[in-house]
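**Q** One predicted model, sequence on top.
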Amino acid sequence: MTSKNSSKEKSVGVVGMGSFGTAIANILSEKSKVIAYVRRAEVVDEINQKHTVDGAAINPEIFATQDPEYLCKSCNTIFFMVPSSAFQEVIRSFSPFLYPYHLIIHGTKGLCLNLPKGKTLEEMGKISRENILTMSEVIMKETVVVRVGCLAGPNLARELYLGQPGATVVASKYNEVILEGQRLLRTDKFQVYGNSDIVGVELSGVLKNIIAIAAGALAGMGLGENAKGLLISRGMVELVYLGNALGGSLKSFIGLAGIGDLVATCNSTLSRNYTVGFRLAKGEKLDDILDTMEEVAEGVNTIKLMKAFVEGTGKRAPITENLYKVLFEDLKIEEALQYLMKYPFSVDVDFL
Amino acid sequence: MADTYIKHKYEPILPKKDEWPVVKLSKSRKDFIRKVADAGKRSVLEITGENMDLLREELETTLYREKLRMKQNPWAVDPDDEKEFWGKVKSSLVHLSAEGSLTKTQKKKKYLEILDDISMRYAEEIASNFIHTHYKVTRRIVTFGFSRLLNAARVKGFKSIFSNQFSLQDKIQIVGETDQIRDLASKGTIVMVPTHFSNLDSILIGWIISVLGLPPFIYGAGLNLFNISIFSYFMNALGAYKVDRRKKNLIYLETLKTYSSEALQFGVHSLFFPGGTRSRSGMIEKKLKLGLLSTAVEAQRANFERGEDDVSGKIFIVPVTINYHFVLEAPSLIQEHLALTGQERYYKESDEFSTSYKISKFLVKFFTKGSDISVSVGKALDVLGNYVDNEGNSIDRNGRKIDTKDYFLYNGKVTVDAQREEEYTYHLGKRIVEEFHKINRVFSSHLVAFTAFQMIKRENKKLDLYNLLRLPEEDVVLIYHEFKEECQKVLNIIQELEAESKVQIAPHMKSDIDSIIDHGLANVGMYHAKRPLVKNSMGNIETQDLNLLYYYHNRLHGYDLEKLF
């Protein structure tokens, strides 16, 4: 590429350099100039001077900044890769510099609460669909950007970072966002599928975290593959029911972002959510586990939200409800498991 | 602002008729029709992907459907040479497919010629026939005639015919962002999108546009209305172009959309009834027909593509709600709605607007007996549904100026992306519906109808809607003091909503609850043979027609007021 060309072509933005953000920034940097936004000054220095994040080497071309305005001005397409707990705040700090010509793709597998002013989840108890925002809905609410997409699929950051083969889904209502995602991300080792059901794909990534915690717990108890098979398939049923109630379509749940991701996370010790479940089963307390984890396990927050949602709609979601009791009400994992074994599921698959 | 009715007449923003976009358009009518036909043709070719077999199929389907229409559903307005024209199309098509000696390119040329003929014919048929002198006459008839009638009725005595005490604006109240629409109409192009409850709406809106000093708007009117001579005259005079709902073929639909889009690009203000037809249920339109709306998005993009980046190339969407105590067609509309939703098997089709005589009778009734109408003009939006200021700048939720053009950029360039525009249109539709609910004005009649119906529903919890509507009317009685209590509750919530700018309330609702109820009862569906609500001799509330009550009740659907019951 000549210098003339590259000065004309805008950079691609990556907001948040956690493990997933770093992996995506690396993939993007194969084809484009990447500007990364990080909050802490020492990380900016680490990226710009040592070309590493947390000690791991990254493409030296990646340039880091703390300035949202600079990033927004330099990029037409921006990838938001921040945890859901910080998502709203980060989006708000970018909002003044975002314009309708921007395209945003996010890779966050979590949900945000949208409660009436001055209320907390504890006060509300039950919540309904309008109290829950997916990340694309947060973006639409906080910014003028409408061309929004999301990234989901079995994308364990560690494997991506190592350059192992994998695939992802870019979902958006806008074909151009999907095509842009494919153009920027696709490499010999990275396949990119498109899906127009953005909410369904977001929900797949969000809800599978619940099952991942359960899978970790089963493994922690020393149970074998039969139990895991049982969990994944019953988990899938629950995921489909919750997902439908939240407005996603079945097709997305049985796709790469749903089943694909579910299988990957339920089998991987690399997964944060899996680790939470595993350590719980080993007898650790939730607070201690979360304190010692470097990155957020989205599933914990998701379980909290989904439990309130299930109560608000009068539906039942046995896995989610029991995990909630284990996480927040000191129910023993063994008891929860026993409860699940007794639960009167009668039909195997009734959603197809 | 929202409370004051606009009573004065505005000076025209463009005093000279030659400056009116619609007059400019009618002067270059011939060229314009050619342009529409060409653009329509192009989009048909795009859809068929330049594939000759697909094009032939479209042509054949069109022919087949047109022949069927002529046979099964002929109308008085249909031109006499129709059979001849389609006969010719048929013989050309037959001739072509039998012809073996032509090369592919020759055949292609022939098919394109046929397409061209059809597109031209459709464009010609759709095009409005605005004649300025007719417009002037019509405006005079409406304003002068109506205000005579009105004064005769309200001021007693022989001299009343010459009294000017009441003007039409006492009867039809205009509220809302009237200054903004005037400002914007002189800067860019307006697309007015009103709610649609009655056939009266088009004439009403035409009159409003003239009162506001705006040049005439063009709008698509159902061809069926041109069957009626009185309407035909008014419609042509008001700049209506013709929409034939019998024709559902691709070529017709594309030509129609192109007509609207090209007219907008020409700078002609337009009027869309985005609900498509009159609301059958009496609810504010929830699902809009996106076909015509998409032409606004398309025209905006086309203007940007040509580099018309300043306000003169901008298209402004102005939602308008028309609020009635009484809708003449209510009985047949609600019957149709119920039949459509499936439960009532048999219904009589009786269109109150079927003859000129009936309409005249209604108008006399309307103007002599009173029943106020208010029209609220909403804030203007850009084609993405952002509010715009009086200069025509789009403003985002945080009060920041944004450029609508940005929505059409990809890598810094305006690009054409049909799928993107489809999404934008969908989004715009949603925004318009939101605005409808905000500028909707609650009348006393809506309040009493809503409350009464919900109370009846609550008392018959076990019945579904259709069984509820079949209750014998004589069995339904609401005790007045209970009814009053419930009305007060609903009113309280409506007032809360008003405080949050989620709805508007008519000034006649500012008195005590007994007077509001009396006013409501006196006005709700006042000219129907069977009244939706009446007070019986005991002072309690009864209904004579549950379907009608349901219809008027529906006006307050969509505010979540049902949860009170």
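**A** Nice, thanks for sending it over.
**Q** need the contact list for A:I35.
**A** Residues in contact with A:I35 (C-beta atoms under 8 Å, 6 or more residues apart in numbering or on different chains) are A:S11, A:V12, A:G13, A:V14, A:I62, A:F63, A:A64, A:T65, A:Y70, A:L71, A:S74, A:C75. For glycine as for every other residue, the C-beta is placed from the backbone atoms N, C-alpha and C.
**Q** Helix or strand with the lowest mean pLDDT in chain B?
**A** helix B:146-154 (a mean of 59; mean pLDDT, DSSP states H and E).
**Q** Can you get me a residue count around whichever residue of the stretch 151-300 of chain A sits closest to chain B?
**A** Per C-beta to the nearest C-beta, A:N175 is where the stretch 151-300 of chain A lies closest to chain B, at 4.7 Å. A:N175 is flanked by 16 other residues according to other C-beta atoms under 10 Å in any protein chain shown.
**Q** Ignoring the adjacent residues along the chain, who's closest to it?
**A** Leaving aside its chain neighbours, A:N175 sits nearest to B:Q419 (4.7 Å; criterion: C-beta to C-beta, 6 or more residues apart in numbering or on different chains).
**Q** Secondary structure element for the most centrally placed residue in chain B, which one?
**A** Central residue of chain B (C-alpha atoms, centre = their mean): B:F273, 2.3 Å from the mean position. For B:F273, there is no enclosing helix or strand under DSSP states H and E.
**Q** Show the contacting residues for it.
**A** Contacts of B:F273 (C-beta under 8 Å, 6+ apart): B:V193, B:P194, B:H196, B:D201, B:S202, B:Y219, B:G220.
**Q** quick one: which of these is nearest chain A?
**A** B:V193 (20.2 Å).
**Q** What's the per-residue pLDDT of that closest one here?
**A** On pLDDT, B:V193 comes in at 94.
**Q** That one: what secondary structure?
**A** Classification of B:V193 using DSSP: H, G, I helix; E, B strand; the rest coil returns strand.
**Q** Now tell me what touches stretch A:233-252 from outside.
**A** So stretch A:233-252 is contacted by A:129, A:132, A:171, A:195, A:197, A:199-204, A:207-208, A:210-211, A:214-215, A:253-254, A:258-259, A:262, A:266, A:306, A:309-310, A:313, A:315, A:317-320, A:340, A:345, A:348-352 (C-beta under 8 Å, 6+ apart).
**Q** which intervals of the stretch 251-400 of chain B have sub-threshold pLDDT?
**A** B:342-371 (pLDDT under 70).
**Q** OK, contacts around the residue in it positioned nearest to chain A?
**A** Residue nearest to chain A within the stretch 251-400 of chain B: B:D396 (4.6 Å; C-beta to the nearest C-beta). Contact analysis of B:D396 by C-beta under 8 Å, 6+ apart lists A:V144, B:N386, B:I402.
**Q** For ChimeraX, write a command that selects the buried ones of the contacts of A:I35.
**A** Buried residues among the contacts of A:I35 (16 or more other C-beta atoms under 10 Å in any protein chain shown), as a ChimeraX selection:
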select /A:11,12,13,14,62,63,64,65,71,74,75
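**Q** I'd like to know which of the contacts of A:I35 are part of strands.
**A** Using DSSP state E, A:S11, A:V12, A:G13, A:V14, A:F63, A:A64, A:T65, A:C75 are the members of the contacts of A:I35 that sit in strands.
**Q** average pLDDT across the lengthiest helix in chain A?
**A** Taking DSSP state H as the criterion, chain A has its longest helix at helix A:198-220. The pLDDT scores in helix A:198-220 average 94.
**Q** Setting the sequence-adjacent residues aside, check what's closest to B:V243.
**A** B:G220 (4.2 Å).
**Q** same question but for B:I513, I mixed them up
**A** B:Q488 (5.2 Å).
**Q** Which strand or helix spans that neighbour?
**A** Per DSSP H and E: helix B:480-499 holds B:Q488.
**Q** Quick one: list the elements packing against that helix.
**A** helix B:444-459, strand B:504-505, helix B:513-523 (3 or more C-beta pairs under 8 Å, 6 or more residues apart in numbering or on different chains; DSSP states H and E).
**Q** neighbouring contacts of that helix?
**A** B:442, B:447-448, B:450-452, B:454-455, B:503-505, B:509, B:513-514, B:516-517, B:535, B:539-541, B:556, B:559, B:561, B:564-565.
**Q** Check those residues for burial and list the buried ones.
**A** The neighbour count (16+ other C-beta under 10 Å) marks B:442, B:447-448, B:450-452, B:454-455, B:503-505, B:509, B:516-517, B:541, B:556, B:559, B:561, B:565 as buried among the contacts of helix B:480-499.
**Q** Taking chain B, what residue is nearest to chain A?
**A** B:D406 (3.8 Å).
**Q** In terms of pLDDT, where does that residue sit?
**A** So, for B:D406, pLDDT stands at 96.
**Q** what about it, how many residues close to it?
**A** 17.
**Q** Next: B:I493.
**A** Neighbour number of B:I493 under other C-beta under 10 Å is 15.
**Q** try B:G399
**A** 8.
**Q** That one should be in a helix, yeah?
**A** No. Read with three-state DSSP, B:G399 is coil and lies in no helix.
**Q** hang on, isn't A:M306 packed against A:T320?
**A** Yes. The criterion here is C-beta atoms under 8 Å, and A:M306 meets it with A:T320 at 5.0 Å.
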